[in-house]
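J.: I need the structure of the sequence given here:
(one chain, ligands or ions: 1)
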Amino acid sequence: MNILEVNQLNIRDSKGDRVLVQDSSFHVREGSCLAIVGESGSGKSLMCRAIMRLLPSGIRQTGEIAFRGERLDGLSEREMSALRGRRICLIPQNGMRAFDPSYPVGVHARETLRRHYGWGRGVADAKMTAAMESIMLSDAAELLGKYPHELSGGMLQRIMIALSIVLEPDLIIADEPTTALDMITQFEVVQQLIAVRERIGSGSSMLLVSHDLGVVEQLADEVAVIKDGSIIERGAARVILSDARHAYSRQLATARQALRGTFRSMMGEEI
Ligand SMILES: Nc1ncnc2c1ncn2[C@@H]1O[C@H](COP(=O)(O)OP(=O)(O)OP(=O)(O)O)[C@@H](O)[C@H]1O
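T.: Predicted structure coming up:
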């Protein structure tokens, strides 16, 4: 069964009258991870935000988006906001964007958990602390007391991952979760995303966006390749990464070889 189905998604800049994403269709199977890969500017982030119905003003979307068979494009804003975070959790590209800059990150986490689960401060903090410890973030109390600008992008991303462990969403959308992180932090964040999928119930479904096929190889079951706003190839991750039909996909796959060696050596495997 598909947890997410996107049909004929079109995204257009209504001011500039530019087509940014064209006729894109894809689905995420229950319990599996679909990676959308493509170079910078190809439309990946816009797709994620379109699913969450969080596109900036001036950008228009058309097409069908169904989550567990229910059309998201037909929901009211109130229904959609009840679903965001709780059932579909977006880990955005920029960790800073995930948190309200005017409050310590713990206040944001508490408020999110109160809104979705009705938990008070004590329960919310205890759950966050346990989730943070489970992904090797110690000193939870100190971290939760800090404002977003006092923490690095990688740390904010990890706190967001901890929050998604507590929220137990049905679907995680991870938009370039490792961009702008150094190699060690990238490796840790990927390990934590693997752990999140294992930890949440029978295995959380994931839509992963990345231009880094080293990361995709670690996480994805299936891959869709996007170029200039259109999906040009889809298939099982091992096929796309090793035997893609499209020249552009093969080019991306070649670029991954260098990263693959680094990841393997970090994992202690022989290259
Ligand atoms: N608010 C906006 N108004 C107009 N054009 C936009 C807006 N946001 C994004 N775009 C354009 O849409 C295209 C796709 O952007 P998008 O951010 O989805 O790319 P991406 O594949 O996620 O790349 P990256 O990994 O660099 O973020 C780009 O050409 C970008 O300039």
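J.: could you give the number of residues near the nearest residue to Gly38 once chain neighbours are set aside?
T.: Residue nearest to Gly38 in three dimensions, not counting chain neighbours: Ile226, with 3.7 Å by CB to CB, 6 or more residues apart in numbering. C-beta coordinates here come from the backbone N, C-alpha and C atoms, glycine included. Other residues near Ile226 come to 25 when the count uses other CB atoms under 10 Å.
J.: name the SS class of Ile226, please.
T.: strand (DSSP: H, G, I helix; E, B strand; the rest coil).
J.: for it, list each beta-bridge partner.
T.: Following DSSP bridges, Ile226 is listed with bridge partners Ile231.
J.: I'd say it and Glu233 touch.
T.: No. Counting by CB atoms under 8 Å, Ile226 stays clear of Glu233, with 9.2 Å between them.
J.: what bits of this structure have low per-residue confidence?
T.: Along the chain, the model assigns pLDDT under 70 to residues 180-181, 199-203, 255-271.
J.: which stretches of it form helices?
T.: For the chain, the helices defined by DSSP state H cover 44-51, 77-83, 95-98, 105-117, 121-134, 140-144, 153-167, 183-199, 213-219, 237-243, 247-266.
J.: how about the residues of the stretch 101-250 of the chain near the ligand?
T.: Glu176, His211 (CB under 6 Å from any ligand atom).
J.: can you tell me which residues contact Ala124?
T.: Ala109, Arg110, Leu113, Arg114 (CB atoms under 8 Å, 6 or more residues apart in numbering).
J.: ok, and the most crowded of these?
T.: Counting by other CB under 10 Å, top hit in these: Ala109 with 25 neighbours.
J.: mind listing what it touches?
T.: So Ala109 contacts Ala124, Met128, Leu144, Ile159, Leu163, Val166 (CB under 8 Å, 6+ apart).
J.: just those residues now: which is nearest Met1?
T.: Proximity of these to Met1 (CB to CB) peaks at Val166, which lies at 25.4 Å.
J.: state the number of residues packed around Gly120.
T.: 10.
J.: is the residue nearest to the spatial centre of the chain bridged to anything, and to what?
T.: Geometric centre of the chain, nearest residue: Ala174, 0.8 Å, by CA atoms, centre = their mean. Beta-bridge partners of Ala174, counted by DSSP bridges, are Ile91, Leu208.
J.: list the contacts for the closest residue to Leu55 other than its chain neighbours?
T.: Nearest residue to Leu55, sequence neighbours excluded (CB to CB, 6+ apart): Arg49, at 5.0 Å. Taking CB under 8 Å, 6+ apart, we find Arg49 in contact with Leu55, Pro56, Leu90.
J.: could you do Arg197 as well?
T.: Cys33, Ile172, Gly203, Ser204, Met206, Leu219.
J.: and the contacts of Ala124, which is closest to Pro148?
T.: Distances from Pro148 to the contacts of Ala124, taken by CB to CB, are shortest for Ala109, at 11.6 Å.
J.: distance check, the closest one against the ligand.
T.: 25 Å (CB to the nearest ligand atom, to the nearest Å).
J.: also Arg53?
T.: 15 Å.
J.: thinking Tyr26 is in contact with Ile36, fair?
T.: That one is not Tyr; residue 26 is Phe. Yes. Counting by CB under 8 Å, Phe26 touches Ile36, with 7.2 Å between them.
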